[in-house]
Structures are given as structure tokens and as C-alpha cells.
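1. Fold the stuff below for me.
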Amino acid sequence: MRSASMPPAAGNGLEPGFRGVICVSFGSSDDTALPDTNGQPRYDLHFESATAESLSELKSVFSGSRVGVRLILAGPPTDIRAAAAAAADCGLLGEEVTLLPQETGPRFVYCPHCLTTTVDEAAGTEVKCQGCATTLTIADHFSRRRGAYLGYSAHAEEAA
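-> Below you'll find the predicted structure:
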């Protein structure tokens with residue numbers, strides 16, 4: 001799964017051979033702009049959030065799609081990750097999905113020290129773990145398995 005602010009810069013951002021694009025946006029913006037699909041079909045959807053009802057509708061769209069379709073998900077990280085999981089349940093591969101997260105919403109941060117997931121409301125570079133109170137630096141690494149960014153002790157390299 002790619003995670004970027006925009007699709008790759010080369011050409012239209014989609015590799016040769018794709019058979020259509022499903023563009024899904026969540027939240028207040030309808031940010032599914034894609035320059036050109038080379039004449040391939042494009043299906044646009046917009047939802048306020050990733051609710052059980054919207055994810056069910058997405059699964060219906062995914063199950064009716066053909067091999068070679070590409071999926072672009074835009075919006076708050078929690079919503080697009082839920083939609084990406086629904087896509088995976090329907091058989092879409094990570095390579096077929098592009099995430100365009102809005103970095104303004106809350107993020108989930110995983111603490112490897114106490115195995116707790118903390119919600120980072122401020123979306124800053126550090127957060128206090130809700131499990132062990134360790135100050136965590138938030139890495140760019142996102143774990144699809146954990147559904148969270150990796151945090152590590154912010155002061156691990158400082159001498160005691």
C-alpha cells in the first residue's frame with residue numbers, strides 16, 4: 001500500500017495495465033483528484049466517515065470490480081485505513097491501493113515498550129503513551145498489522 005500526499009509523479013501515477021480506478025474520499029473534502037486515467041473507467045465515491053454502512057457499500061463496489069482495478073483512498077487516516085482493510089477483505093492487494101491521508105486528524109501510535117496503542121489527538125511529533133507514560137517519538141513507519149504508527153522512546157539515546 002502506498003501512502004503519500006499525491007500519487008507518484010510519473011505520468012498519471014498509475015502503472016500501465018490498470019483497468020479502472022475507484023476513487024473514494026472521506027470527510028469534509030472531496031480530495032480524489034487524479035490527472036488522467038488514460039480513458040479507463042473511473043468511479044468516484046464520497047462518504048462523511050467510514051461507518052459500517054459506508055464500508056458495506058464499499059465492499060459491494062469492490063466485489064463487483066475486475067482484476068486490475070486501482071483504488072485511491074483520501075481523507076482522515078482512520079477512515080482510509082478502515083476502507084483499505086475492507087478492500088483487503090475483498091481481495092485487493094496492497095499494491096493496488098494508494099492512500100492519500102489528511103495529516104490533520106488524530107493518529108494511532110503503537111508503543112513497543114508496553115504494547116499499547118495511543119491516540120495522538122494533536123498529530124505532533126511526540127506523544128505520551130497512555131499505557132506506560134513514556135514520551136514517544138512518532139516514526140514515519142505505519143504498521144498495517146497494528147493499524148498504527150510506530151512510536152519509540154523519545155529520549156532513548158540520551159545518557160542517563
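2. how about the helices in the protein?
-> 52-63, 77-89 (DSSP state H).
3. For R70, find the nearest of these.
-> Across these, R70 has its closest neighbour in helix 77-89 (10.6 Å, Cβ to Cβ). Yep, even glycine has a C-beta here, placed from its N, CA and C like the rest.
4. and the angle for the closest one with helix 52-63?
-> Helix 77-89 and helix 52-63 are oriented at 40 degrees to each other (axes from the mean of the first three to the mean of the last three Cα atoms, to 10 degrees).
5. ok now helix 77-89, how far from the chain's centre?
-> Taking Cα atoms, centre = their mean, to the nearest Å, one finds the center of helix 77-89 at 7 Å from the center of the full chain.
6. which helices and strands sit right next to that helix?
-> Other elements packing on helix 77-89 under the criterion 3 or more Cβ pairs under 8 Å, 6 or more residues apart in numbering; DSSP states H and E are strand 20-26, helix 52-63, strand 69-75, strand 97-101.
7. what about the longest one, average pLDDT?
-> Meaning helix 52-63. Mean pLDDT, helix 52-63: 91.
8. Average pLDDT for stretch 87-94, rounded please.
-> The model assigns stretch 87-94 a mean pLDDT of 87.
9. hmm, I was thinking of stretch 125-133
-> pLDDT averaged over stretch 125-133 gives 92.
10. in that stretch, what's buried?
-> Residues V127, K128, C129 are the ones in stretch 125-133 that count as buried (16 or more other Cβ atoms under 10 Å).
11. related to what we said a few turns ago, ok, which of the helices of the chain comes nearest E157?
-> Per Cβ to Cβ, nearest to E157 of these: helix 77-89, 27.8 Å.
12. Quick check: buried residues in the closest one?
-> Result for helix 77-89 [16+ other Cβ under 10 Å]: buried residues P77, T78, D79, I80, R81, A82, A83, A84, A86, A87, A88.
13. residue contacts, the last one?
-> Shown in contact with A88 (Cβ atoms under 8 Å, 6 or more residues apart in numbering): G94.
14. ditto for the fifth one
-> For R81, the set of contacting residues under the criterion of Cβ under 8 Å, 6+ apart consists of L99, G147.
15. same thing but at 7 Å, please
-> Shown in contact with R81 (Cβ atoms under 7 Å, 6 or more residues apart in numbering): G147.
16. Can you give me the pLDDT of it?
-> Reported pLDDT for R81: 84.
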